[in-house]
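[1] output the structure for:
(2 chains)
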Amino acid sequence: MSSAFLGGARDRLLPVSIPFRFFVSAALFHLAAWGVLLLEADQLGGFTGGPGPILAATHLATLGVFAMTAIGASYQLLPVVTRRPLARDWPTRLSFWLLSPGICLLAWGMDRSSPGAMQTGAALVCSGLTVFAMLTADNLRRAGSVAVVAAHGWAALLALVGLAVLGMLLVWDFQTGFLDDHAGLAVIHMVLASYGFMGLLVAGFSLVLVPMFALSRSLPQRPGWAQLVLAGVSLASFACGRWTGNTAFNWLALLAGFGAAGTYLWLMRAAMARRMRKRLGLSFVLIRASWGLLGISLILGAALLADLPIPNAPALFGFLLLAGWLSTFLMGILQRIMPFLASMHASGKSGLPPPPSDLTPQTPLKIHAFCHFGALACCAAGIIMETTALIRLGAVFGCVGALAFVGFALIVLLRLRAFQQGS
Amino acid sequence: MSDAVPGKHWQAKDGLHIDTRGLDPPDPMVAILWHLEQPGQNGPVTVHLNRNPIHLFPELIERGWLYEVQHHDSGEVTLSLRSAP
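    Okay, the predicted model is just below:
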């Protein structure tokens, strides 16, 4: 038997530099995505796909912000949830050093329509994602508890394989044009990336993270399984519908998607209703708003399918799905877990770790939240009204908010370092 | 919290004992914090877990509780808690 006074918290924790390099990179890519949109605001409204700055900004957000956040959080949280430590640390670092230059190169290639840069960037990104997938699969394979969370992880990995293969094909098709239906496959790639890989990770981790942050009892397993099955049916039906051109599959996908989202929102509502923590703070303002934006994205998806006359509906759908639902949710989670993780790694002269509240600078978070919602409102209105000035104003809000978030991440790191040096 | 507190608990000579073994996350954390937040509870409190509750520690520090962790060969963990002076 071993004993550790005021200690033991570092067991099963990766070195702090590993999750934080992913989180700080996510904050920087967030700023870059808004920056590209600010410079090329006139191209957002009519965007329906194809190389150019909007595709670059999209991938700075999806890979740079969403995937980096999800990977950093998975490396840190999965071993804790599954009670199985990662076999080794070095592959996590390798995945970072493949992903971060790969994302930069891919986005640069997309912006400049350079096939060589896109292909090299995509190859690096896929290599990094492969390392992540192998580490996560190894951890999930050894997981002995929380089967429903592990099953979401497996489904997300399956979606990741699909989206990565499609992504490589699409990138090579920009040069060779060998695909018959580039646009159709691009839509499947986008849906697999957003609702598939990211959506399933969000839904799975939410079953543990949201009750943990809100201090609510664990959520019932059956609705969790129902949510997973419905999401799987939705994604498979959507891919079949786009592949075969049979619209019945698309409507089935939408129906199952609404079912999955409805079940997820019902579970989140249950967690909120049973919570012990009454004051949830700014992070949950973002998280709750993201739940509403998930619903709006699906309603817009239905409107697109029904061919309703909404101006620039594809761009609006993509914007509210990515900048709305996913970005809002992940920024809410990031601002909660960064000080939390820092606290677990820090210890002061007394031997006591600092409370997370001492590591959380509130002002940058307030600026970020205000600017984030301002950015969403202005850009969405700008897309609908086809007004570049509004989109540009939204992008200014987005940049200021993203800059504030970078400041938040750096202050957390500096405070962590100050506590570590003080011990 | 509307539902019953997860896990088992009993009062012994050395204070309150909480047993959260067999619970999935975040139930152990919820149970422990619920007991610590009861009026007049200053410890000592002994918690029996089947995992190291690393996400609990920042919450304990935030609430002014000190903790001692004992790791057993079986993989189980015993936490000794007392409120900070």
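
[2] beta partners of B:K8?
    Here B:K8 shows beta-bridge partners B:D19, assigned using DSSP bridges.

[3] so it sits right up against B:G22, yeah?
    No. B:K8 is beyond contact range of B:G22, at 9.6 Å (criterion: Cβ atoms under 8 Å). Where C-beta positions appear, they are placed from N, C-alpha and C, glycine not excepted.

[4] tally of neighbours for A:A306?
    10 (other Cβ atoms under 10 Å in any protein chain shown).

[5] quick check: phi and psi on it?
    phi -80, psi 0 (degrees, to the nearest 10).

[6] which SS class is the nearest residue to A:G407 once chain neighbours are set aside?
    Nearest residue to A:G407 in three dimensions, chain neighbours excluded: A:P364, at 4.5 Å (Cβ to Cβ, 6 or more residues apart in numbering or on different chains). What DSSP: H, G, I helix; E, B strand; the rest coil gives for A:P364 is helix.

[7] may I see the buried residues of the host helix or strand of A:P101?
    Per DSSP states H and E: A:P101 is located in helix A:90-112. In terms of neighbour count (16 or more other Cβ atoms under 10 Å in any protein chain shown), helix A:90-112 has its buried residues at A:91-96, A:98-100, A:102-107, A:109-111.

[8] neighbours around residue 65, how many?
    All of this refers to chain A. Number of residues near A:V65 (other Cβ under 10 Å) recorded here: 28.

[9] if you could check chain B rather than the one you did, that'd help
    Using other Cβ under 10 Å, B:W65 is surrounded by 22 other residues.

[10] next: A:G52.
    So A:G52, with other Cβ under 10 Å, has 15 neighbours.

[11] give me every residue that touches the closest residue in space to it that isn't next to it in sequence.
    Closest residue to A:G52 in three dimensions, ignoring its sequence neighbours and counting by Cβ to Cβ, 6+ apart: A:Q43, at 6.4 Å. Counting by Cβ atoms under 8 Å, 6 or more residues apart in numbering or on different chains, A:Q43 makes contact with A:52-54.

[12] mind doing that once more with 10 Å?
    A:36-37, A:52-55, A:57, A:315, A:388, A:391 (Cβ atoms under 10 Å, 6 or more residues apart in numbering or on different chains).

[13] export the residues you listed to TSV and tack on secondary structure and pLDDT?
    Listed next are the contacts of A:Q43 as TSV, based on DSSP: H, G, I helix; E, B strand; the rest coil; pLDDT from 0 to 100:
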residue	secondary structure	pLDDT
A:V36	helix	96
A:L37	helix	96
A:G52	coil	93
A:P53	helix	95
A:I54	helix	95
A:L55	helix	96
A:A57	helix	97
A:A315	helix	93
A:T388	helix	95
A:I391	helix	96
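
[14] ok, which pair from those residues is furthest apart?
    A:L55 and A:T388 (18.1 Å; Cβ to Cβ).

[15] and the residue of the stretch 101-250 of chain A closest to chain B?
    The minimum distance from the stretch 101-250 of chain A to chain B, using Cβ to the nearest Cβ, falls at A:M212 (3.8 Å).

[16] one step back: pLDDT value on the residue nearest to A:G407, please?
    A:P364 carries a pLDDT value of 97.

[17] what is the neighbour count of it?
    Using other Cβ under 10 Å, A:P364 has 21 neighbouring residues.

[18] excluding chain neighbours, what is closest to residue 44?
    No chain was given, so I picked chain A. Nearest in space to A:L44, with sequence neighbours left out and distances taken as Cβ to Cβ, 6+ apart, is A:I391 at 5.3 Å.

[19] hm, I was asking about chain B
    Distances taken as Cβ to Cβ, 6+ apart place B:G15 nearest to B:P44, at 4.0 Å, with adjacent residues excluded.

[20] that neighbour and B:V47, how far apart?
    11 Å (Cβ to Cβ, to the nearest Å).

[21] for the residue in chain B that chain A sits nearest to, phi and psi?
    Nearest to chain A, among the residues of chain B, is B:V69, at 3.1 Å (Cβ to the nearest Cβ). Main-chain torsions, B:V69, degrees, to the nearest 10: phi -110, psi 130.

[22] that one: how many residues sit nearby?
    A total of 23 residues lie near B:V69 under the criterion other Cβ under 10 Å.

[23] before we move on, the earlier item: quick check: mean pLDDT across the one helix or strand the residue of the stretch 101-250 of chain A closest to chain B maps to?
    Using DSSP H and E, the element containing A:M212 is helix A:199-214. Model confidence over helix A:199-214 averages 93 on the pLDDT scale.

[24] good, wrapping up.
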